[in-house]
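Novice: Structural data only, the sequence is not supplied:
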């Protein structure tokens, strides 16, 4: 009987053990090793790897080009999240309505999310090609432009940091990420009691007032969780920047994940690349800490 009680007590631990071991080996250990490597001057072409302390961090944070990459990443992440959230909410509010073919349209809007990144990048590069892309062709025939636009090659900057290639990869990224938030928002919208809307209609509230005073507050936890998860993923985004524009031209679309890749696998500076990775983690921790603190405070209330 004692043996059976002990087995019942430790069965959950035994069941979770393989997953915990996998997470430690695949995620925790490499992360800790990256912190260790960031304190050394590790390069493929150097026989020795001396301890240099915080020099990799100082080098990165005092490099104007690296600071520009950080700003690129933050701008890319914030604008993508804002536009993606607005688009996802707009579509979600339409897809929860009852009409013929609702399931078909839901599956169509999910297609960007399940499309492989390489396919996405290849198709968009063809569409936006300066010489034979259909986007330029249509704009020329409509008379909107008088010469082809170099969507991925223009180096002209606006306001000191904006560029056409950056705006292009943001548009492509929004197209890729909005389905995830759309699914989350649909799930949240379906939990809102219809009685609240009926009561609001009786009080004379219009559709806009119902949305901002009932819908948004009710599904705000879903929105916050979705934006946090998507924000972490987009801050670590590599595919769109590298596969579409390779971080160019002139590093105008280079993001932190691309910088890590270039330093590690092009320049073979593994210590410096590890330092950049740690900086990325520290930046991502900032909104995560605020979110966790806010969640714990709400639970205690």
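Specialist: Structure's in. What do you need? If you're wondering where the values come from, they're calculated on a predicted model, not measured in any experiment. Numbers count the residues shown, from 1 in each chain.

Novice: Quick check: the gap between residue 209 and residue 201.
Specialist: Distance of residue 209 to residue 201, given as Cβ to Cβ, to the nearest Å: 10 Å. For every residue, glycine as well, the C-beta is placed using N, CA and C.

Novice: same question, residue 60
Specialist: Residue 60 is 56 Å from residue 201, by Cβ to Cβ.

Novice: So if I had to pick from these two, which one is more boxed in?
Specialist: residue 60 (22 against 12; other Cβ atoms under 10 Å).

Novice: Quick check: next helix or strand after the helix or strand bottoming out on mean pLDDT in the chain?
Specialist: Across the helices and strands of the chain, mean pLDDT, DSSP states H and E gives its lowest value to helix 2-23, namely a mean of 77. Counting by DSSP states H and E, the next helix or strand C-terminal to helix 2-23 is helix 29-37.

Novice: mind listing what's buried in that next one?
Specialist: Neighbour-count burial for helix 29-37 flags 34, 37 (criterion: 16 or more other Cβ atoms under 10 Å).

Novice: what pLDDT, on average, does whichever helix or strand comes after it get?
Specialist: Sequence order places helix 55-61 as the next helix or strand after helix 29-37, per DSSP H and E. For helix 55-61, mean pLDDT is 93.

Novice: How about residues contacting helix 55-61?
Specialist: Under the criterion Cβ atoms under 8 Å, 6 or more residues apart in numbering, residues 38, 39, 41, 66, 67, 271, 272, 274, 275, 276, 278, 279 lie in contact with helix 55-61.

Novice: Just the buried ones from the residues you listed?
Specialist: By 16+ other Cβ under 10 Å, the contacts of helix 55-61 give 38, 39, 41, 66, 271, 272, 274, 275, 276, 278, 279 as buried.

Novice: The last one - nearest residue in space that isn't next to it in sequence?
Specialist: For residue 279, ignoring the flanking residues on the chain, the nearest one in space by Cβ to Cβ, 6 or more residues apart in numbering is residue 60 at 6.4 Å.

Novice: Can you give me the neighbour number for residue 249?
Specialist: 16.

Novice: So it versus residue 162, what's the distance?
Specialist: Residue 249 is 14 Å from residue 162, by Cβ to Cβ.

Novice: Same question for residue 261.
Specialist: Relative to residue 162, and taking Cβ to Cβ, residue 261 is found at 24 Å.

Novice: between these two, which one's more packed in?
Specialist: Between residue 261 and residue 162, counting by other Cβ under 10 Å, residue 261 is the more crowded of the two (17 against 12).

Novice: contacting residues around the more buried one?
Specialist: 238, 242, 273.

Novice: List just the nearest of those to residue 113.
Specialist: residue 238 (16.9 Å; Cβ to Cβ).

Novice: Tell me the secondary structure at the closest residue to the closest one other than its chain neighbours.
Specialist: The shortest distance from residue 238 to any non-neighbouring residue, by Cβ to Cβ, 6+ apart, is to residue 257 (3.8 Å). Following DSSP: H, G, I helix; E, B strand; the rest coil, residue 257 is assigned to helix.

Novice: count of neighbours near residue 257?
Specialist: 22.

Novice: do the same with residue 121
Specialist: Around residue 121 there are 21 residues (other Cβ under 10 Å).

Novice: From residue 130, how far out is it?
Specialist: 16 Å.

Novice: center of the protein, which residue is that?
Specialist: For the chain, residue 234 is the residue whose C-alpha lies nearest the centre (Cα atoms, centre = their mean; 1.7 Å).

Novice: I figured that one hits residue 80, correct?
Specialist: Yes: with contact defined as Cβ atoms under 8 Å, residue 234 reaches residue 80; the gap is 5.4 Å.

Novice: Identify the contacts common to the two.
Specialist: 173, 177.

Novice: Contacts only, for residue 252.
Specialist: 72, 155, 157, 163, 165, 166.

Novice: ok, the buried ones among the contacts of helix 55-61 vs residue 253, which is closest?
Specialist: Looking across these and measuring by Cβ to Cβ, the closest to residue 253 is residue 66, at 15.1 Å.

Novice: For whichever strand or helix holds the closest one, which helices and strands make contact with it?
Specialist: In the assignment (DSSP H and E), residue 66 maps to helix 64-95. With contacts defined as 3 or more Cβ pairs under 8 Å, 6 or more residues apart in numbering; DSSP states H and E, the packing partners of helix 64-95 are helix 102-114, helix 164-189, helix 216-235, helix 256-265.

Novice: Kindly check the end-to-end length of stretch 154-171 for me.
Specialist: End-to-end distance for stretch 154-171, by Cα to Cα, to the nearest Å: 16 Å.

Novice: Give me the mean pLDDT for it.
Specialist: Stretch 154-171 comes out at a mean pLDDT of 86.
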